[in-house]
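Enquirer: quick one, structure for this:
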Amino acid sequence: MSSPPIKIGMLGGTFDPVHHGHLRSALEVREALGLDRLHMIPAPKPPLRGAPQVSAEQRLALLNAGIGDTPGLYADDRELRREGPSYSIDTLAQLRAEYGEQARLVMVIGFDAFLRLHQWYRAGDLFSLAHVVVMARPGYQMPWTSELRELVGECEVESVDSLMQYPNGGLLTLSLPSMMAISATYIRQRLREGKSIHYLLPNAVEEAIRENGFYQHFSQHDE
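Expert: Numbering: from 1, shown residues only. Okay, here's the model as predicted:
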């Protein structure tokens, strides 16, 4: 009797810094979809921000600290190692090549990103490589544009079981119970202002931020 196909997820983001909202959502997505592994993939270039700039490698280190020994979550640095622009379609192609044609490959995105999906590079090829799962707050609705409707076409399915019948080609909207309203922007702001970020992110991440002085203004002595 052959073993069931492996189930792999990809969740990209700037993770600047990673916080409980990212990690709890990742855990809930992995459980809901029954994923064997969820690759959390930091994007190479977050929007330009004031000093001190936290490098991509430092964001990866914070992500590793945040994940710790959580089963099934994996900090993946492939987009940081890639030359030139980093596109999701290239990452999906790599993952498909690594895990094989029968693997259930899922790109997990937030609802705001989904509403702009038709503007992504080679958006029309995404469904030929993977499923798309959209994380949404319970009861959260927003009308789709005609361009988005055209892109999705007949891909939408109603359940995880339906999605996992095939290696790719489906779209599922998944309501996550927690969906914490924590933003990395808010955390960076509090750090700049010297305020507490406790309980917003894992202790290991907070400790690393404090030890390295990430996201905090340089003092006059450093200028």
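Enquirer: give me the neighbour count for Ser162.
Expert: A total of 12 residues lie near Ser162 under the criterion other Cβ atoms under 10 Å. C-beta coordinates here come from the backbone N, C-alpha and C atoms, glycine included.
Enquirer: wait, a helix at it?
Expert: Yes - secondary structure assignment places Ser162 in a helix (DSSP: H, G, I helix; E, B strand; the rest coil).
Enquirer: report the mean per-residue pLDDT for stretch 35-43.
Expert: Throughout stretch 35-43, pLDDT has a mean value of 97.
Enquirer: do the same with stretch 99-111
Expert: Mean per-residue pLDDT for stretch 99-111: 97.
Enquirer: longest helix in the chain, please.
Expert: In the chain, ranked by residue count with DSSP state H as the criterion, the top helix is helix 20-33.
Enquirer: could you check the angle the helix or strand following it makes with helix 20-33?
Expert: Per DSSP states H and E, helix 20-33 leads on to strand 37-42 as the next helix or strand towards the C-terminus. Comparing the axes of strand 37-42 and helix 20-33 via axes from the mean of the first three to the mean of the last three Cα atoms, to 10 degrees yields an angle of 150 degrees.
Enquirer: got the contact list for the helix or strand of the chain with the lowest mean pLDDT?
Expert: Comparing helices and strands within the chain by mean pLDDT, DSSP states H and E singles out helix 111-114 as the least confident, with a mean of 91. Contacts to helix 111-114, defined as Cβ atoms under 8 Å, 6 or more residues apart in numbering, come from residues Val132, Val134, Met135, Ala136, Arg137, Tyr140, Met142, Leu148.
Enquirer: again, but for stretch 171-188
Expert: In this structure, residues lying in contact with stretch 171-188 by Cβ under 8 Å, 6+ apart are 14-17, 19-21, 24-25, 28-29, 32-33, 49, 127, 131-140, 152, 155-160, 162-163, 197, 200-201, 215.
Enquirer: now swap in stretch 195-202 and tell me
Expert: Counting contacts by Cβ under 8 Å, 6+ apart, the residues outside stretch 195-202 that touch it are 17-20, 23, 65-66, 68, 182, 186-187, 190-191, 206, 209.
Enquirer: and the average pLDDT for that stretch is what?
Expert: 96.
Enquirer: where do the helices sit along the protein?
Expert: For the chain, helices defined by DSSP H occupy the ranges 20-33, 56-67, 78-81, 88-99, 111-114, 126-129, 146-152, 160-163, 184-192, 203-212.
Enquirer: any chance of the ones you listed in CSV, with distance to Ser178 too?
Expert: Shown next, in CSV, are those (distance: least, Cβ to Cβ, whole Å):
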stretch, distance to Ser178
helix 20-33, 5
helix 56-67, 16
helix 78-81, 26
helix 88-99, 24
helix 111-114, 15
helix 126-129, 26
helix 146-152, 26
helix 160-163, 18
helix 184-192, 17
helix 203-212, 18
